[in-house]
Structure formats: C-alpha cells, structure tokens
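>>> The following comprises the amino acid sequence and a computationally predicted model.
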Amino acid sequence: MYVFLHRIRIAFYKCITKKFSGDFIRKIEKFPKVVFEIEKIDDLGKKLKVICLAEIKKDAEKKIEKNLLNRAKYLALEVLICYTKPISYGEKKEKISEMLRVIKKVAPDSEYERLVSDLLNF
C-alpha cells in the first residue's frame, strides 16, 4: 500500500507543480510562486484524501515588489508621452489622473508618484 500511495504522492505533486509553474507564472507578473507539500494521504477505500500545505517562497515577494515598481516606472513614462501629445487639456488631465491612481496603488510614496503628481499640477 505504501508504494501505491508514494506513486500517487509523486504524480499529484508533479501535477500541481506543473499547473503552477512555467508559462502560467510568467504570464502573470504578480502571481507568487507557490510550493505544495503533501502533508497527509488518507486511504478511504475507493477515495483518497490528499491534504496539501501551500507555502509562498520568500524570494518571490521581492520579485513581486520589483514588478510593481517597474509597472509604475512604465506608467510614469507613459504619462510623459501623454503630456506631450497634442490633445485637449481635459482629456490629458483625465488620462494622467487615471495613471496616477494606478501608480499610487502599485508604488505609493515613490518617485514615480511624485513625478506624475507634479506633472498633473503643472
């Protein structure tokens, strides 16, 4: 019985790690890398009960913060481009305000927020 459960444990782990790795994580910037560790497998006759512990890797948190700051940097660049476009002041102010709102969410009190705020008030 142990060999059977051990094989299921390995197959289940491979299935879970395949689902939460590779292209799936690369496509979603802010998705933390999750590690699943099987805590217990109960044999209930025809059913198996698998209990997993999810754990977020510590180094993934730093990568997430970096991606959010990069998003703010590119939005600030987009604001500079928008600021120089020949469009009406009202439309320009509306676009810059929306980008500032996003920057405040992803990188509060950053240099990017100060830059965009200064441009909006200029």
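Here it is on my side, so go on.
>>> Determine the number of other residues adjacent to residue 92.
Per other Cβ atoms under 10 Å, the neighbour tally for residue 92 reads 18. Where you see a C-beta, it was placed from the backbone N, CA and C, and this is true even at glycine.
>>> now that we're looking at it, which residues does it contact?
With contacts defined as Cβ atoms under 8 Å, 6 or more residues apart in numbering, residue 92 is in contact with 82, 83, 85.
>>> Which of those residues fall within helices?
Applying DSSP state H to the contacts of residue 92, the entries found in helices are 82, 83.
>>> Let's see the PyMOL selection covering just the buried ones among the contacts of residue 92.
The buried subset of the contacts of residue 92, as determined by 16 or more other Cβ atoms under 10 Å, is captured in PyMOL by this line:
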select buried, resi 82
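>>> which one of the contacts of residue 92 sits closest to residue 119?
Nearest to residue 119 among the contacts of residue 92, counting by Cβ to Cβ, is residue 83 at 5.6 Å.
>>> Can you tell me, leaving aside adjacent residues, what's nearest to that closest one?
Once flanking residues are discounted, residue 83 sits nearest to residue 119: 5.6 Å by Cβ to Cβ, 6 or more residues apart in numbering.
>>> any idea which element that neighbour lies in?
Assessed by DSSP states H and E, residue 119 sits inside helix 111-121.
>>> got it, and residue 76?
Assigned by DSSP H and E, residue 76 belongs to helix 58-84.
>>> quick one, what contacts residue 108?
Counting by Cβ under 8 Å, 6+ apart, residue 108 touches no other residue.
>>> cutoff 10 Å now
Counting by Cβ atoms under 10 Å, 6 or more residues apart in numbering, residue 108 touches residue 72.
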